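Engineer: structure, please.
(2 chains)
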Protein chains: 2
Amino acid sequence: MKVNGKSYRTVWMEGNIVRMIDQLRLPHEFKIHECKTYLETADAIKNMTIRGAPAIGATACYGMAQAVSAGVSIDVAERELGATRPTAHDLFDAIGFFRKRYNGSNAAAVASSYADASVERCRKIGEFGQRLIKDGMRVLTHCNAGWLACVDYGTATAPMYVAHEKGRKFFVWVDETRPRLQGAKLTAWELSQCGIDHAVIADNAAGYFMRRREVDIVIVGADRIAANGDVANKIGTYEKAVLAKESGIHFYVAAPASTFDLEARTGSDIPIEERGGDEVAFIEGVRITPEGSKARNPAFDITPAKYVTGIITEEGILNPWEKPASLV
Amino acid sequence: MKVNGKSYRTVWMEGNIVRMIDQLRLPHEFKIHECKTYLETADAIKNMTIRGAPAIGATACYGMAQAVSAGVSIDVAERELGATRPTAHDLFDAIGFFRKRYNGSNAAAVASSYADASVERCRKIGEFGQRLIKDGMRVLTHCNAGWLACVDYGTATAPMYVAHEKGRKFFVWVDETRPRLQGAKLTAWELSQCGIDHAVIADNAAGYFMRRREVDIVIVGADRIAANGDVANKIGTYEKAVLAKESGIHFYVAAPASTFDLEARTGSDIPIEERGGDEVAFIEGVRITPEGSKARNPAFDITPAKYVTGIITEEGILNPWEKPASLV
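Structural biologist: I've put the predicted structure just below:
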């Protein structure tokens, strides 16, 4: 995607240096973060300089390449990089991909091919999904399942970017997505860079605009999809799905086939990470709650398949009870 | 209610000075704001040093008393005070109450009797509503319909305070209530002062806890109630009501009979104030969205009567299709 008119991916490798867009500084500062060693790359995943399941996967793969090129044993590299965000499924996929293909001399090429394949998957999600976005439509999205969360294109945003490339005019409602505000900070920034008309709203206002028929379609990403089509995604996704159904608005999930975890029979088999309460109690370093008040902070929720209209994958748009052909 | 062990009302008058808890400084600083003239009192309403429909009403009534005691004509006082928050229904009720009862010499007594009656209404809401809160229950509330929004007790919180006085143990989920964070800042502060166990959550997480059956009842306030039982309240209330219904959780609205506007046939007759986008784009003075991104900020929404289990008033708990006996 383009930033100030220049093409970027979210993460890439030059020589033995891994470079990435520093997502902790967005939307106010656009800065490229450099990791000279695989340990610095691991740190960048850990401290969320880069985030989003596909982006984490590609970064870990580059980190593996960096490590083995510097003479670090592949097992040590796997241990360090695998411990950065233990719940991100793509992380292990990516490390497995590297181990399977690395032959002692092709480290950078393996990592690049992982990133390229990730871009291609997202582009295909965009191609399949763009048909859903017609001229004049108002799309709502939650959190950032954008190109910053991937290597390029994004998942939920890919249909928007491809529709935009095709010259279609539409509008995007961006849920700010408390507590970490990825919608307000990252999705809004991406759409601004791309010149797509949008407005940020408090998460509380999504239902209001749906009920007023000012939302035509909802498209979100997914962190994991169970065998029965239940979807784990950013906290608040379930709320938007229920509200969309209540107003008869189609609710789509966009995710590569690798997001399906067929070992999870239903959503209840997917563990939900609860993060520290300070993400709720503090905003931009300022405490908003009284000293004595607790805060609870589940990071994800489960949207049962019955609320999902379809799942946009690189293999086509599936009904929520279908599985990608490549997995069956 | 008690603050650091000492009893306070939200607003009161001493001599010709109107004093109020400065709500712009909570939860970090407890300070009494003084208004020496009725114009300062009008300003305090306008800049939201005090907010919440019943509290605004009582403050305006004190302002009227302050004005006429200082020789200001009652019409001028009404014009100034009536222009502070043009959508708050109680403001006009309170000014009308004052005009009807003021006989040229009883200004302070009239204003005090308005505030006392407001407290009594909230206390009765608490008495009727407390039966709904049983030992061990988990109550969810949205925004601040607490004693800070009233003169004492609050509306949505009144049943909690009375149940607490009766020694019942229960837990309260506090929606932070973006964009203005009245839940995180004010409701959490009230509950802390009172020693009621609670946790603040992102608005996005309410549905998650409902679906996990960790919420037993929802109680919210109301800004206006239409003749058919549709409820206007803080943005996000509609979302919580739909989600509660989806999980089979009772959803109660607590409000004095004066909140009913029988001239509004349904919720669509109630105008919804849209406030500036900066309340969304900035938090605590820090911009969270990119410079070029718009933000939309509807302040209220309409919850159709079909989602409402009952309306807790000072005349008893009504079905949403019933009207308070005093109004019919």
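Engineer: per-residue confidence averaged over the longest helix anywhere in chain A?
Structural biologist: Longest helix in chain A, counting residues (DSSP state H): helix A:107-130. Across helix A:107-130, pLDDT averages out at 97.
Engineer: list the buried residues of that helix.
Structural biologist: Under the neighbour-count criterion of 16 or more other C-beta atoms under 10 Å in any protein chain shown, helix A:107-130 has A:107-108, A:110-112, A:114-115, A:118-119, A:121-130 buried. Where you see a C-beta, it was placed from the backbone N, CA and C, and this is true even at glycine.
Engineer: could you pull out the strands for the stretch 201-328 of chain A?
Structural biologist: Along the stretch 201-328 of chain A, the segments classed as strands by DSSP state E, counting those that start in this stretch run A:217-220, A:224-226, A:231-234, A:250-254, A:260-261, A:282-283, A:286-287, A:294-295, A:300-303, A:310-313, A:316-318.
Engineer: and the second one, how far from the chain's centre?
Structural biologist: The chain centre lies 14 Å from the centre of strand A:224-226; the measure is C-alpha atoms, centre = their mean, to the nearest Å.
Engineer: and it, which strands flank it?
Structural biologist: strand A:231-234 (antiparallel), strand A:260-261 (parallel) (DSSP bridges).
Engineer: out of those, flag the one nearest B:Ile219.
Structural biologist: With C-beta to C-beta as the criterion, B:Ile219 lies closest to strand A:231-234 of the strands paired with strand A:224-226, at 27.4 Å.
Engineer: isn't A:Lys2 right up against A:Tyr8?
Structural biologist: Yes: using C-beta atoms under 8 Å, A:Lys2 is in contact with A:Tyr8, at 7.3 Å.
Engineer: looking at these two, which one has more neighbours?
Structural biologist: More crowded of A:Lys2 and A:Tyr8, by other C-beta atoms under 10 Å in any protein chain shown: A:Tyr8, with 19 against 10.
Engineer: for the more buried one, which residues are in contact?
Structural biologist: If a contact means C-beta atoms under 8 Å, 6 or more residues apart in numbering or on different chains, then A:Tyr8 has A:1-2, A:21 as its contacts.
Engineer: so which of those are in strands?
Structural biologist: A:2, A:21 (DSSP state E).
Engineer: in TSV: the contacts of A:Tyr8, plus distance to chain B.
Structural biologist: Formatted as TSV, those follow (distance: C-beta to the nearest C-beta, whole Å):
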residue	distance to chain B
A:Met1	15
A:Lys2	15
A:Ile21	14
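Engineer: ok, of the contacts of A:Tyr8, which one's closest to B:His198?
Structural biologist: Set against B:His198, the nearest of the contacts of A:Tyr8 by C-beta to C-beta is A:Ile21 (38.9 Å).
Engineer: for chain B, what are the nearby residues on the stretch 101-250 of chain A?
Structural biologist: Within the stretch 101-250 of chain A, the positions adjacent to chain B are A:174, A:176-179, A:181, A:184-185, A:188-189, A:191-192, A:198-209, A:211, A:234-236, A:238-239, A:242-243, A:246 by C-beta under 8 Å from any C-beta of the partner chain.
Engineer: ok, back up a step: C-terminal to the longest helix of chain A, what's the next element?
Structural biologist: strand A:138-141 (DSSP states H and E).
Engineer: avg pLDDT for that next one?
Structural biologist: On average, strand A:138-141 scores 98.
Engineer: got a list of contacts for that strand?
Structural biologist: A:133, A:156-157, A:160, A:170-175, A:183, A:187, A:206, A:209-210, A:214-220, A:240, A:244.
Engineer: not counting its neighbours along the chain, what's nearest A:Asp230?
Structural biologist: Once flanking residues are discounted, A:Asp230 sits nearest to A:Gly267: 3.1 Å by C-beta to C-beta, 6 or more residues apart in numbering or on different chains.
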